[in-house]
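A.B. asks: Give me a model of this one.
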Amino acid sequence: MHRRPATARQCWLGLAVIAALTFGFITTIAMVVDSNATPPPGPAFAADAATASDADRAAAADRADRAARPTGTPTVEAVPTTPTPPPPPAWVSPMPDAPLSSCYGPRWGTAHLGIDFAGAAGTPIRAVGAGTVLTAGWLYGGYGQSVLVDHGDGTLTHYAHASRVLVHPGETVTPGQPIALEGSTGNSSGPHLHFEVHAGLWHQVDPADWLRAHGVAVGC
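C.D. replies: Numbering: from 1, shown residues only. Okay, the predicted model is just below:
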């Protein structure tokens with residue numbers, strides 16, 4: 001039995017069927033592959049990526065900050081302080097470092113009512129404490145040039161035989177202030193300071209005991 005050769009229409013129809021089947025097969029495979037692929041990033045994925053990026057930047061900044069910090073224990077520089085000087089003494093010797101030549105008490109058959117400091121002529125004579133000059137100059141006969149200081153508590157100190165007086169009556173003096181220069185005026189056998197302490201005017205007491213009671217040590 002002989003078949004008739006296929007016509008051109010039949011050939012084109014066969015080709016179309018084959019092409020359709022092939023396209024369907026390729027489309028099916030593409031859909032399967034596409035379903036197994038990673039889904040495209042959506043809004044949630046983008047937010048996660050931004051958060052991770054911010055964390056990375058923060059970690060990097062922290063590492064850089066740590067690297068820039070100095071290592072070891074920081075040195076604290078001490079601030080120098082100026083020590084506060086001690087307050088000046090309230091009472092001092094009338095002639096510091098000068099040797100004593102005579103103490104209070106009987107001497108040559110009479111009463112010696114003071115103590116004598118035998119410094120060099122011109123040595124400053126100093127007020128033993130704060131007070132007001134009561135008298136100054138040639139006033140009391142054998143004392144020569146002298147200074148009498150009132151300390152405001154009933155006590156007066158007397159500095160005699162000076163070569164020169166440096167203060168005047170009514171002047172306020174401070175502890176250690178020069179008030180006269182040592183000399184040998186009045187009844188004196190040589191340059192020295194005759195120093196008296198009066199518990200009331202012309203009531204002399206032992207100056208060495210009085211000075212010690214006020215924190216000033218002398219040799220008598």
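
A.B. asks: Mind giving me the packing neighbours of the longest strand seen in the chain?
C.D. replies: Of all the segments of type strand in the chain, defined by DSSP state E, the longest one is strand 155-165. Secondary-structure packing of strand 155-165 (3 or more Cβ pairs under 8 Å, 6 or more residues apart in numbering; DSSP states H and E): strand 131-138, strand 145-150, strand 178-182, strand 193-199. Every C-beta, even on glycine, is put in place using the N, C-alpha and C of the backbone.

A.B. asks: Only alpha carbons, please: show stretch 137-145 as CSV.
C.D. replies: Extracted C-alpha coordinates of stretch 137-145, given in CSV (Å, rounded to 0.1, in the frame of the first residue of the first chain):
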residue,chain,number,x,y,z
GLY,A,137,64.2,109.5,125.0
TRP,A,138,66.1,111.0,127.9
LEU,A,139,63.6,110.8,130.7
TYR,A,140,64.7,108.6,133.6
GLY,A,141,68.1,109.8,134.8
GLY,A,142,70.6,106.9,135.0
TYR,A,143,68.7,104.9,132.3
GLY,A,144,70.0,107.3,129.6
GLN,A,145,68.0,107.1,126.4
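
A.B. asks: Please work out which residues outside it touch it.
C.D. replies: Residues from elsewhere that reach stretch 137-145, judged by Cβ atoms under 8 Å, 6 or more residues apart in numbering: 146, 158, 160-165, 180, 183-188, 194.

A.B. asks: I'd like to know which of these is nearest to Arg126.
C.D. replies: Ala180 (8.9 Å; Cβ to Cβ).

A.B. asks: Low-confidence stretches in this structure?
C.D. replies: Residues of the chain meeting the criterion pLDDT under 70: 1-52, 60-62, 64-76.

A.B. asks: all helices of it, in order?
C.D. replies: 8-36, 43-68, 207-213 (DSSP state H).

A.B. asks: buried sites along the last one?
C.D. replies: Within helix 207-213, the residues that qualify as buried are Pro207, Ala208, Trp210, Leu211, counting by 16 or more other Cβ atoms under 10 Å.

A.B. asks: Could you tell me how many residues sit around Cys220?
C.D. replies: Around Cys220 there are 15 other residues, counting by other Cβ atoms under 10 Å.

A.B. asks: need the contact list for Ala118.
C.D. replies: Ala118 makes contact with Ala98, Pro99, Leu100, Ser101, Gly190, Pro191, His192 under the criterion Cβ under 8 Å, 6+ apart.

A.B. asks: domains of this structure?
C.D. replies: 8-67, 100-213 (automatic domain parsing).

A.B. asks: Would you convert the ones you listed into TSV that also reports distance to Val92?
C.D. replies: What follows is the domains of the chain, written out as TSV (distance: least, Cβ to Cβ, whole Å):
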stretch	distance to Val92
domain 8-67	64
domain 100-213	5
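
A.B. asks: Nearest to Thr81, out of these?
C.D. replies: Of these, nearest to Thr81 by Cβ to Cβ is domain 100-213, at 27.6 Å.

A.B. asks: hey, what's Thr155 bridged with?
C.D. replies: Taking DSSP bridges as the rule, Thr155 bridges to Ala199.

A.B. asks: Many thanks, have a good one.
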